[in-house]
Structure formats: C-alpha cells, structure tokens
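Undergrad: Need the 3D shape of this:
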Amino acid sequence: AEEGASVIVVEKADHTAVCRSGQWAVIGGETNKRWERGVGQANYVDPDEVVEAVMTECQYYPNRALLSKWAHNNGEVFDWFIAAKPDLFISERSTDPLPAVESENDCSIWVRHYPLPEGFDLSKERVKEFQSSVSFNPSQQPVLAANWQRAEEAGAVCYTGHFAEKLIKEGDRVTGVFVRNAETGAYKKIMANNGVLLAGGDISNNPEMNAYYAPDLVLNGIQNMWSDMDAEGNFTNTGDCQKMGVWAGGRLQQKAAPMVHYMGAMSTIGAAPYLSLTLTGKRFTNEDISALQFQSAAERIPGKAFYTIFDAKWPEQLQAFQPRFASTNYVVDTPTPENLLINDVHPYVTRDAIEQACQAEGPFSIIKGETIDELLSKLENLTDIAAAKASIERYNELARNGKDLDFGKPANRMFPIENGPFYAFQGGMNVNLATLMGLVGDEECHVFNENDEVIPGLYVAGNAQGERFSVNYIPTMSGMSHSLAMYYGYVAGKNMAAGI
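TA: This is a model prediction of the structure:
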C-alpha cells in the first residue's frame, strides 16, 4: 500500500493483526546498535555464520539463497516495522524493568541475553545459539496492529470473517481468488492485477496434513499450542494457503519442520542443563544441548518423561551455561514485578524463586529434599530409586574427574550434586508451536511449479513459505520464523507493487 498499490487482505478471523508471542531474530540495523549488535560492533552476529548453522542443523534441505537474503537485510526492515509504533519502549539490558502493561496498546521490546555472561565465548560452543534477538512484551500484537493501521491509512482494505478457498487462473497466471463470507455464505470474486500473496500460516491445526507430513507429532502424543480461532469458531493454521498453492500448480517442500522445543521449568530456570534422569533412574543424554535436541532425546526414553536434578549451588552454576532459547543466565536479588514474565518465560530468576516454586502447585512446581535420599523418595513417578542414586553418584564422579565419559557433556558444565538442599522437577513432551510445511519458491517470494518454473501472479510469505526450515525448526536464533515472515512479507509487497 505504501508503494501506491491497491491492497485487499482476506482474513478468516473476525479481527485484523492475528499473531502469537513475540520473539524476533534481528541481525544488524539501527535498533541493534544500542546493544552493540550493529554492523561492525562488538556483538554483531555474522549473518553467514547464522545461515550456515541453519543449513547444517536442517540437513541442507533449506533454500540457502532465501535464508541469506533475510540474514543480510532483515535489520533494516525490522527498523521499518517498529517505526509504526513510535511510543514503543526499548530496554537497555535484559534485567531492566519494563513498563507495566495497562492497555491492549501497550508494548515494549525486551532485549534477549544482553549483556552476555562474563567470559562467554560462542566460538567454543559445539551447538551455537546466536544472541541477537528481542522479544515484544506482552506480545507483538500492538506493533502488528500499528502496522495494519499504517497500511489502512494508505488505502488497504481487510475483509475479516472471509475464507479464501480457491485461486483463479487465466492460463498459467494466477489472477485472483474466490472468498466466502462466513456470516452470509456468499462468495466474492476478487481479481488481482499484480498478484496474489499466500500468507495464511502453517499446517499444525490440520490433523490430516499434520499426521501425513509430521507423523512423529502423533507418535509422541504432542499437542498443538496455537489457539487463535477463525470467525466460525475453528482453529486457524489449517494449511489453507498450502492447499490453494498446490491446486494452482505449486509444490510443497520435501520435509516438514515441526516447532517442538523443550521449555523446562518455565517459571524459574527454564531448560537449564542440569542432570536429567529417566523415570527408571538412568541418565539418557548430554544435557548441554539445544531445546530442540533435548526434546528429541526425550522422545526416545520410556514414558517420554524425566526428572531434572540440581543442588543449592544452582545460582552460581546457572550463569555458567550457554545463553539459549528457553533458559536464563541472570540471577538477581530483587524481582521487578513489571517484567517477571516475557512471553510466558522469565527473563531472569530471583535467588528465592526455587524455594517459592517448592511451595507452588502445578506443572512448574519444584520438589525439595534436604538429602538426596529424601529428594528421591519424593519423586512420585520415579520407579527405581537405587538406579537414580547410582546415576547421581556416577555423574558426580565424572564431574570431579573433569570428563563426561558417558555422554560427552562439557566439563565446565558438569557440576557435582552434593550441596543440600537438593531439588528436582519433572519434564516431558512439549507442545508443538507450528508445523512449517510451505510452498517451494525463491527469495523474491515467487512460487514454483513442479518444473521449478515461476507461477506468474502467485507469491508466498510467512509460514506458508517453504524451505526456510526443514526436518525441525531449530533454535539457532530465537524468533527466526517471525523475522523471516515479516521480512519476506515486506519483500513480497514491494515485488508485487513493482511487478517483479
């Protein structure tokens, strides 16, 4: 719309600016300079290293050109995106207080993992998670709404409560779309001179597609998290755009990428890599791995559940771990009520948080014992206390000797469990945030047919865009999916307006 094009948006929810959460990967740009993450600054993340890490962890299925264009240019587009909300508060450090949320229009940017823990060196990590991300608090919705207002002022129109059901083709070219009014049942025929953009989300709430393209989700009993509803009271993210694209001659990527990451004790220490034991008392993995890798390791153990165990020295130990998605390295003495939760995850943990969690009930409660024997006796689902005690003794021995002969965990993150009191919490399968299975195309947001030829008039962005991730959605940088969706929505809009 900013380019002078006439824009019609079709939205099957009953409102605009539909979104969830708010983590964003941002490389370079003006906003990042305040944290020394701008080009040439001390904390700048090398975009080519990020791309190579994603390619490697996704087994080289993604489209490298698509990732590379995003990695080198998304910072400037992020600056454009947040400029729509000039009253946005931006934190200077990860432990700084954020303003209280008093209305649906209130929003802040919280910088993730800044400053980095003293002495941390990413180059020494075997599995790298690049720290150049932010989170919108309480979510990105107010910023998205501000951008829609900007588009509306430029002449864009949104048909809410309408379902796009079939693309219109004239010869090989896509020239429009048939949409259904949920309230009246009547159909509209919308013609598009410059093109149609498919940006309708992922396939996670389509049971048939999810079971076919991501059968492990069904095998492991993993539930979907997305809860937004359409105007008819059904879940969104049902693969509508993927199906329309295929019916118009497009094709889907080879392998889906489910977004399932172990989150740990979200109310306190998250997925901190302390000792973890199966319900039969056996250690099963190197705990110092990503949230995705830990989820994968847990999927193969009996009952798909486990206990994480640590001792009273956890505050000192926590700060020695790699800054990761779903974890915190910041331990503070005084809580700041205004920002205890950022997108349902604690940005830091207070020294008394573990004791408080021991008094709580629910999925994030923690169990305490003055001795190892007392702690193990309180773990209701532990079936072999003797095996668990032997596993702890073995772990302590490996930690003292400075080499994990069993699973290869780095010695500097092996801490003996020997200082009471002792703590544990039970973990298991996490929810699926999205199942990314998109239409194959290029970095100009075109869609390809079975012969890798561009389908004229058809564009794709967001979670309907294929080959951004494959096999799994990996946490190389927190919020990559959101960032890619916004960036390529911007690219698609520019290209459609210009006829590219």
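Undergrad: got a list of what the closest residue to Lys409 other than its chain neighbours touches?
TA: Leaving aside its chain neighbours, Lys409 sits nearest to Asn286 (4.4 Å; criterion: Cβ to Cβ, 6 or more residues apart in numbering). The C-beta positions use only the backbone N, C-alpha and C, and glycine is treated the same way. In this structure, Asn286 makes contact with 404, 407-409, judged by Cβ atoms under 8 Å, 6 or more residues apart in numbering.
Undergrad: So among these, which ones count as buried?
TA: Among these, those that count as buried by neighbour count (16 or more other Cβ atoms under 10 Å) are 404, 409.
Undergrad: from the contacts of Asn286, which is closest to Leu318?
TA: Minimum separation from Leu318 among the contacts of Asn286 (Cβ to Cβ) is found for Lys409, which lies at 15.7 Å.
Undergrad: mind checking the SS state of that closest one?
TA: In terms of secondary structure, Lys409 is coil; the call rests on DSSP: H, G, I helix; E, B strand; the rest coil.
Undergrad: just the helices in the chain please.
TA: Counting by DSSP state H, the chain forms helices over residues 47-57, 64-82, 141-153, 207-213, 215-219, 240-247, 291-299, 314-318, 353-359, 372-378, 385-401, 480-498, given from the N-terminal end onward.
Undergrad: between the ones you listed, which one is nearest to Gly161?
TA: Taking Cβ to Cβ as the criterion, helix 240-247 is the member of those that comes nearest to Gly161, at 14.4 Å.
Undergrad: Just the pLDDT for Ile342.
TA: Among the per-residue scores, Ile342 holds a pLDDT of 54.
Undergrad: Over to Val349?
TA: 84.
Undergrad: low pLDDT regions in the stretch 201-350 of the chain?
TA: Within the stretch 201-350 of the chain, the ranges that satisfy pLDDT under 70 run 334-347.
Undergrad: Quick one: the strands in it, in order.
TA: Counting by DSSP state E, counting those that start in this stretch, residue ranges of the strands within the stretch 201-350 of the chain are 257-260, 275-278, 305-311, 331-332, 349-350.
Undergrad: out of those, deepest packed?
TA: strand 257-260 (a mean of 26; mean count of other Cβ atoms under 10 Å).
Undergrad: tell me what it is packed against?
TA: Using 3 or more Cβ pairs under 8 Å, 6 or more residues apart in numbering; DSSP states H and E, the elements in contact with strand 257-260 are helix 215-219, strand 432-436.
Undergrad: Of these, which is nearest Ala146?
TA: Nearest to Ala146, of all the helices and strands packed on strand 257-260, is strand 432-436, at 23.8 Å by Cβ to Cβ.
Undergrad: Go through the closest one and flag the buried ones.
TA: Residues of strand 432-436 classed as buried: 432-436 (neighbour count, 16+ other Cβ under 10 Å).
Undergrad: Would you format these as a markdown table with pLDDT and distance to Arg351 included?
TA: As requested, these are exported to a markdown table (pLDDT from 0 to 100; distance: Cβ to Cβ, whole Å):
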| residue | pLDDT | distance to Arg351 |
| --- | --- | --- |
| Asn432 | 93 | 34 |
| Leu433 | 91 | 31 |
| Ala434 | 94 | 35 |
| Thr435 | 96 | 39 |
| Leu436 | 97 | 39 |
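Undergrad: Out of those residues, the closest to Thr238 would be?
TA: The closest of the buried residues of strand 432-436 to Thr238 turns out to be Thr435 (Cβ to Cβ; 10.7 Å).
Undergrad: ok so, going back, columns pLDDT and distance to Pro323 on top of the contacts of Asn286, output as a markdown table?
TA: Formatted as a markdown table, the entries for those read as follows, by pLDDT from 0 to 100; distance: Cβ to Cβ, whole Å:
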| residue | pLDDT | distance to Pro323 |
| --- | --- | --- |
| Asp404 | 98 | 21 |
| Phe407 | 98 | 22 |
| Gly408 | 97 | 21 |
| Lys409 | 98 | 17 |
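Undergrad: circling back to that earlier point, need the helices and strands packed on strand 257-260 in a markdown table (columns: distance to Gly38).
TA: As requested, the helices and strands packed on strand 257-260 are exported to a markdown table (distance: least, Cβ to Cβ, whole Å):
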| stretch | distance to Gly38 |
| --- | --- |
| helix 215-219 | 39 |
| strand 432-436 | 29 |
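Undergrad: Glu92 is nearest to which of those?
TA: strand 432-436 (28.8 Å).
Undergrad: Counting by contacts, list what the closest one packs against.
TA: Here strand 432-436 touches helix 207-213, strand 257-260, going by 3+ Cβ pairs under 8 Å, 6+ apart.
Undergrad: do that again at 6 Å, thanks
TA: The criterion is 3 or more Cβ pairs under 6 Å, 6 or more residues apart in numbering; DSSP states H and E, and the helices and strands that strand 432-436 contacts are strand 257-260.
Undergrad: got the contact list for the strand it packs on?
TA: For strand 257-260, contacts defined as Cβ atoms under 6 Å, 6 or more residues apart in numbering pick out 214, 217, 222, 295, 430, 432-436, 469-470, 472-473.
Undergrad: quick one on the thing from earlier: can I get the strands of the stretch 201-350 of the chain in a markdown table including distance to Leu382?
TA: Shown next, in a markdown table, are the strands of the stretch 201-350 of the chain (distance: least, Cβ to Cβ, whole Å):
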| stretch | distance to Leu382 |
| --- | --- |
| strand 257-260 | 25 |
| strand 275-278 | 8 |
| strand 305-311 | 7 |
| strand 331-332 | 28 |
| strand 349-350 | 25 |
